[in-house]
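Asker: Task: produce atomic coordinates for the following.
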Amino acid sequence: MNAASAYSAGATGSGVTVAVVDTGINQDHPEFTGRISARIDVADASRLGVDVDGHGTGVAGVIAANKDDVRMHGVAFEASILSIRADSPGSCEEDGGEGCTFSDVNTARAIDAAISRGAQIINLSLGRDPGVGDGGSLTFAAMQRAVDAGLLIVVSAGNQDEEEDQPDPSPGFPGTFASDPAANGQVVTVGSVNLQGEISDFSNRAEGFEEFYLVALGERVIAPFLDSDAGDPQYALFSGTSFSAPYVAGALALLLDAFPNLSGQEALEILFDTAVDLGDPGPDAIYGSGLIDLAAAFQPAGGSSVQVAGAQGATPLPVLFSAPSGAAGDWVWRSGLFDGAVLRDSYDRGFRFDPEHPRAAAGAGGLTAMEAAAERGLARHVRTLAGPAEVNMRLSADRLHALSNLPEETYRDEADMSFAFRSGGVTIQAGRGFAAPSPVEPAGVSVLSESQFSGAVAGLTSQREWASMQYAHGPLAFQMRASGAGEDAFQAVAATFTRDGQTVGVELGAGREEYRALGGALAARFGAQDSAESQFIAAMWSGELALGWRGAARYEHAAADLSLPSYLRLQSDVRASAWSIGVDRAIPGGRFGLTLAQPLRVETGSVSASVPVEIDENNRAIFERRTASLTPSGREISLEAAWRVDINDRTSASLAARFTNEAGHIRKAEDEGLLWAGLRTSW
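Answerer: A predicted model of the protein is given here:
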């Protein structure tokens, strides 16, 4: 049953009272020292609840025998036992101790006693044939009262009778109450399995009660017994569903101890939801809903979330820990903001957790780069020159028609267009798609790398429309460019100086993002909406090198103003950087180039939030304000070697190889190598 998981979580059953309606208890056995809250005898008060059979002692021991390093211990070894003896007077002494019987009236009295004495769980490891003038109506009525009072009832499924050739296909009385709508999900009937998880030969099965039936160990169960004739405490090996039921009762006591916020119905539902499926898939007529598994029961169930102090609601874990993205990469993991924090599962149980560090970023990987290169290669390009004017068009290949009855325009991409007009020292350009021109000539003939020559902050906008104007006068040139509008836009001005084939320049500008922060999710991880405005300055160079090589470089430094909800406080300013270096040269038949680049990465900046770190006795979170650096754990660097060649007027080819280290700025990310070969032709 994997109870060690419950114990490691601190569960012992302390504070939970389990009523054992049975043959009494051997109160002098050391396994029950400090464990018995009271002894009651509802059938004959003169017996004082003393066990003369040993059955009740064994059942109580499986539930709550002390953890004293002697032979065994109970499942909930610090729970309290309310021992209620209910066997008919004299019945246990008949048939060599095999004749204990429990009348309808005494069973009902015992259940009522459990209610009045404040038990949370009732264990009924008993059964009988209600056929002879005893219809069980009093027992069922008492069970109904217990359910109405919020108690849980655990009932053994019953064993094969001596005169029967096989066990019954369904649980016996009073376990049949479990399927009654009045049971309200608070009653379970329990069958027996052996150590291998196989149904016991003697155990009644689950037919008709599949969703109200669990199994637990019920063969050769060691438990306390009656004292020897010399007065020494003894132990015995028991078999029967009577000793499967107390395993479930003890498991419920552990859950109620560890999670006081749980209702009894919820605790039992957790055992059903986390049971190991045995036999046929799903609830079946042999094993019912399966074998109890406390390791699974003590793990978060259903959707889990984290409540940050001040936020309107809890954030689901899949949102909070969605894949790393943008310039901050894996900051939420690297910073340790939620290390040892407390999450809540669908039952509002608190669990301490450490988020598992990711090894890949959202949208990262070679497949994305290959798809982008393929899309560019498949696009149709048209260039038209008319005096000082130039028009470029690029039309991506049509997407496949998944539904042929939809109109063609549903699948057609908009064409990319750019327009340029040059006169004297003035150049005016505008377009949709492509990219706004860089203030300096790029280099590297990259196929797979995301070059930063056009600007990292410029790449943050999702708008495709752009415009640019440049004025050149002698060695000086000035450029203004912009893209988008409103809350998702970019504007910049640049100045360059050219002499002897070398161009240097500087560019200043700003970019605004909507629904993102530096290209990724920050406030959105906490259920808020991201937006940011970034100011940047960039240094640029482009020029001729020795041996026919040509080079270019750009270094960009950005300062970001993040829009954060009130429960996320900016503790230090956010600064980011990006750079790119490229060289290329003509070789026979084409052009070869190298590109070394780092995409935009947060270098400094931090936020703080109050995260839950403890749960008090009232199931309320205790918060701790923590500061988290927005700097990711790694630094993505990519190196690409590329070759392009025009074979003829209609055909061109390209080859490229790229190596990327710490993709997505994640230190633990696997190194990535890509090879690309492309052939483009038209006819």
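
Asker: How about the secondary structure of residue 62?
Answerer: Secondary structure state of residue 62, per DSSP: H, G, I helix; E, B strand; the rest coil, is helix.

Asker: what residues are up against it?
Answerer: Residue 62 makes contacts with 74-75, 221, 223, 243, 246-247, 250, as judged by CB atoms under 8 Å, 6 or more residues apart in numbering. Yep, even glycine has a C-beta here, placed from its N, CA and C like the rest.

Asker: hang on, residue 533 packs against residue 512?
Answerer: Yes: here residue 533 reaches residue 512: they are 5.0 Å apart, a contact under CB atoms under 8 Å.

Asker: Please say which of those two ends up with more neighbours.
Answerer: It is residue 512, of residue 533 and residue 512, that has more neighbours when counted by other CB atoms under 10 Å, with 20 against 15.

Asker: Name the strands paired with the helix or strand encompassing that one and say parallel or antiparallel.
Answerer: Using DSSP states H and E, residue 512 falls within strand 502-514. Strand 502-514 pairs in its sheet with strand 488-499 (antiparallel), strand 531-544 (antiparallel), by DSSP bridges.

Asker: Of all these, which one is nearest residue 324?
Answerer: Relative to residue 324, the nearest member of those by CB to CB is strand 531-544, separated by 16.8 Å.

Asker: Could you identify the helix or strand that succeeds the closest one?
Answerer: Per DSSP H and E, the helix or strand that comes after strand 531-544 is strand 549-562.

Asker: Could you pull up phi and psi at residue 317?
Answerer: Backbone torsions for residue 317, taken as degrees, to the nearest 10, come to phi -60, psi -40.

Asker: I figured it hits residue 305, correct?
Answerer: Yes: using CB under 8 Å, residue 317 is in contact with residue 305, at 6.2 Å.

Asker: Common neighbours of these two, please.
Answerer: With CB under 8 Å, 6+ apart as the test, residue 317 and residue 305 both reach residue 343.

Asker: Count residues in the vicinity of residue 282, would you?
Answerer: Neighbour tally, residue 282, other CB under 10 Å: 10.

Asker: just residue 536 next, same as before
Answerer: Neighbours of residue 536 (other CB under 10 Å): 25.

Asker: Then the one 5 residues further on?
Answerer: In terms of burial, residue 541 registers 17 neighbours under the definition other CB under 10 Å.

Asker: From residue 594, how far off is it?
Answerer: Distance, residue 541 to residue 594, by CB to CB, to the nearest Å: 16 Å.

Asker: Next: residue 162.
Answerer: 88 Å.

Asker: who has more neighbours, the two?
Answerer: Neighbours were tallied for residue 162 and for residue 594 using other CB under 10 Å; the higher tally belongs to residue 594 (20 against 6).

Asker: now the helices for this structure?
Answerer: 4-8, 55-64, 104-116, 137-148, 245-258, 264-274, 294-297, 317-320, 331-334, 366-378 (DSSP state H).

Asker: between those, which one is nearest to residue 564?
Answerer: The nearest among the helices of the chain, by CB to CB, is helix 331-334 at 13.7 Å.

Asker: Which secondary structure elements does the closest one sit against?
Answerer: Of the remaining helices and strands, those touching helix 331-334 by 3 or more CB pairs under 8 Å, 6 or more residues apart in numbering; DSSP states H and E are strand 621-629.

Asker: The strand it packs on - contacts with which helices or strands?
Answerer: helix 331-334, strand 590-615.

Asker: Show me which of the helices of the chain has the highest average neighbour count.
Answerer: Most buried of the helices of the chain by mean neighbour count (mean count of other CB atoms under 10 Å) is helix 55-64; its value is a mean of 31.

Asker: so it versus helix 245-258, what angle?
Answerer: Inter-element angle recorded for helix 55-64 and helix 245-258: 40 degrees (by axes from the mean of the first three to the mean of the last three CA atoms, to 10 degrees).

Asker: can you offset everything so residue one is 97?
Answerer: Yep, numbering from 97; the last one is helix 151-160 now.

Asker: Using CSV, write down the CA coordinates of helix 151-160.
Answerer: Only the C-alpha atoms of helix 151-160 are listed here, as CSV (Å, rounded to 0.1, in the frame of the first residue of the first chain):
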residue,chain,number,x,y,z
HIS,A,151,-10.6,-10.9,16.1
GLY,A,152,-11.3,-7.4,17.2
THR,A,153,-7.8,-7.1,18.7
GLY,A,154,-6.2,-8.1,15.4
VAL,A,155,-8.4,-5.7,13.4
ALA,A,156,-7.6,-2.8,15.8
GLY,A,157,-3.9,-3.6,15.5
VAL,A,158,-3.9,-3.4,11.7
ILE,A,159,-5.3,0.1,12.1
ALA,A,160,-3.4,1.6,15.0
